[in-house]
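Have a look; sequence and predicted model below, questions after that.
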Amino acid sequence: MKKRTELTIPPEKIFDDNYIKYIACQKLGVLPADISSIQYLKRSIDARHKPVYRLLIDIYIGETPSAERPKYIYHPVRENKKVIIVGFGPGGMFAALRLIELGIKPVIVDRGKDVRTRRKDLRNLQQHHIVNPDSNYCFGEGGAGAYSDGKLYTRSVKRGNVKKILEVLVQHGTADDILIDAHPHIGSNKLPKVVTEIRNTILNCGGEIHFESKVTDLIIKQNKILGVIVNEKEEIFGDAVILATGHSARDIYYLLNDKGIRIEQKPFAMGVRIEHPQSLINEIQYHTDEITENLPAASYNISCSINERGVYSFCMCPGGLIVPSATSPGELVVNGMSLSRRDSPFANSGLVVEVTENEWKKYFEEKPFSGLHLQQEVEQLAFKLANNTQSAPSQRVTDFVEGKLSQTLPKSSYIPGLTSARLDEALPGFMVERIKKSLSVFNKKMKGYYTEDAVLVAAETRTSSPVRIPRDKAMFMNDDLNGLFPCGEGAGYAGGIVSSAIDGENCADAVNKYLDEN
């Protein structure tokens, strides 16, 4: 017999299996000896009053679970079918794994370096303000997600098999906790090992991976893509191309446009990073300053509408760090990340404003890149306000609302340092007005959110791609070029690790269908 039940567990007991078994017996009216197995299904924190865990479990009485967790088997592939994958972030990785399941050889090209080697370039960016345009927080093995916390929560449950994505990650070294946590994450310190294991699986099955191989042209004949040119000279041929370059590969958008392949503008969001002391966020969210060992750093998710535009938190990093995410010299971009323990004394989040055609057309009329140009303008202005360094322009929240320069700035997790600046000189007016008004709204939802101890850091611009590469809904293939499959965040069809991974799998399935029909 199997019984499903939800238990309320105090934080200090959440990892005590004997206590959980005792509470389950009390609730179900059974004896401990009658329980043959307990399976944990979902774990979440309820902080509406005193913080507790909600634990959903299956209790087995007189029987054992019928099946173990599935193990995905990847067999060596043959050379008769080859698919080029451009980009080795989550979309590219899971496209490659799915192609191997289908018996198709993936040939991966990535402009960046392997996940460990790129650390040197991240260090140069953090400590010496040197931007390597092909190896940074956005480009390289693992993509932008490899060094931005590894958040795995997604709302894209109808697009594909979320559970399979998580199980594949566990199979490659991620902790089992991601299968039951309501808001799972891996941590930027643990992701490189997982990424490396996925690479090994692909190579062991006969796939190819080429790092420091930047796509500079496409090989096209009679409206069909035959391959790519990397580093301006090397030709790589394949039966199809999955384009999974991420949301910051602007050169790819221009290349497609030059080739006559349609690019569409789409809404996106920009703003700033807001950083608070984590202790303050804990007190606001947990209603107490007494944090037990098993209660993680508190997070939040807030939004409102100001003048018919959404303003919301984005990529909130409890116990996290703000990091420099520029991909070209002369620009300044910030993002957030956390290590697995989330034990930094700071909490940061994007605080961003929805940007639609009504906003970007006031600044640029050059379609389809008006939004992208607005993005670039904000990033370049932030760089100038930082005296042409990566020391991000910043302002205390209270000074921002009052319109005055901050004479001092609070301590921050941002390693390149902060530069005091008027952020109303760094951001477009429509964003400044809405962020100011939103802070008052958010303070009502989270009393204490508006405080001089919080700092705004510019500029948070890479929430998603400002363009979309059109594709057929059924086949996921570009309408203008046979054999081209735009994928993930860079194509404008995903947002985050899991949704990109799902899109990668879907594109691989579409490629398989295309190859069968051609």
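Received it, and whenever you're ready, just let me know what you need. Residues are numbered from 1 along each chain as shown.

From now on I want contacts and neighbour counts done on CA atoms only, so please keep to that.
Will do.

Run a quick neighbour tally on T5.
13 (other Cα atoms under 10 Å).

Can you tell me how far it is from R341?
Using Cα to Cα, to the nearest Å, T5 is found at 29 Å from R341.

residues in contact with the longest strand that the chain contains?
Secondary structure of the chain per DSSP state E: the longest strand is strand 35-46. Residues from elsewhere that reach strand 35-46 (Cα atoms under 8 Å, 6 or more residues apart in numbering): 21, 51-65, 179-183.

could you point out which element follows it?
strand 52-61 (DSSP states H and E).

quick one: contacts of that next one?
1-11, 14, 34-46.

Give me the buried entries from these.
The neighbour count (16 or more other Cα atoms under 10 Å) marks 8-11, 14, 35, 38, 42-43, 45 as buried among the contacts of strand 52-61.

Put together TSV for those, with distance to S328 and pLDDT on each row.
Conversion of these to TSV gives the following (distance: Cα to Cα, whole Å; pLDDT from 0 to 100):
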residue	distance to S328	pLDDT
T8	49	97
I9	49	96
P10	48	94
P11	45	94
I14	46	95
I35	59	91
I38	52	93
K42	42	96
R43	41	97
I45	40	95
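
Tell me which helix or strand in the chain has the weakest average pLDDT.
helix 357-360 (a mean of 88; mean pLDDT, DSSP states H and E).

Check which helices and strands the next helix-or-strand element following it is in contact with.
Going down the chain from helix 357-360, the next helix or strand is helix 370-385, by DSSP H and E. Helix 370-385 is packed against helix 357-360, strand 392-396, strand 455-460, with contacts defined by 3 or more Cα pairs under 8 Å, 6 or more residues apart in numbering; DSSP states H and E.

how does it look with 7 Å?
Packing contacts for helix 370-385, counted by 3 or more Cα pairs under 7 Å, 6 or more residues apart in numbering; DSSP states H and E, involve helix 357-360, strand 455-460.

for N478, what are its contacts?
By Cα atoms under 7 Å, 6 or more residues apart in numbering, the contact set of N478 is 470-472, 484-486.

Check T216 too.
T216 touches 229-232, counting by Cα under 7 Å, 6+ apart.

separation between it and I85?
Look at T216 and I85: by Cα to Cα, they are 14 Å apart.

Likewise for L97?
L97 is 11 Å from I85, by Cα to Cα.

Please apply the same query to K437.
K437 sits 44 Å away from I85, going by Cα to Cα.

measure L191 to S344 for me?
From L191 to S344 the distance is 18 Å (Cα to Cα).

neighbour-wise, which of those two wins?
Shown here are L191 and S344; by other Cα under 10 Å, L191 has more neighbours (25 against 17).

Am I right that that one is in contact with A146?
Yes - at 5.8 Å, L191 counts as touching A146 under the criterion of Cα atoms under 7 Å.

Among the buried ones among the contacts of strand 52-61, pick out the one closest to L169, please.
When the buried ones among the contacts of strand 52-61 are ranked by distance to L169 (Cα to Cα), K42 comes first, at 17.4 Å.

Apart from its chain neighbours, what residue comes closest to that closest one?
Closest residue in space to K42, ignoring its immediate chain neighbours: I180 at 4.3 Å, by Cα to Cα, 6 or more residues apart in numbering.
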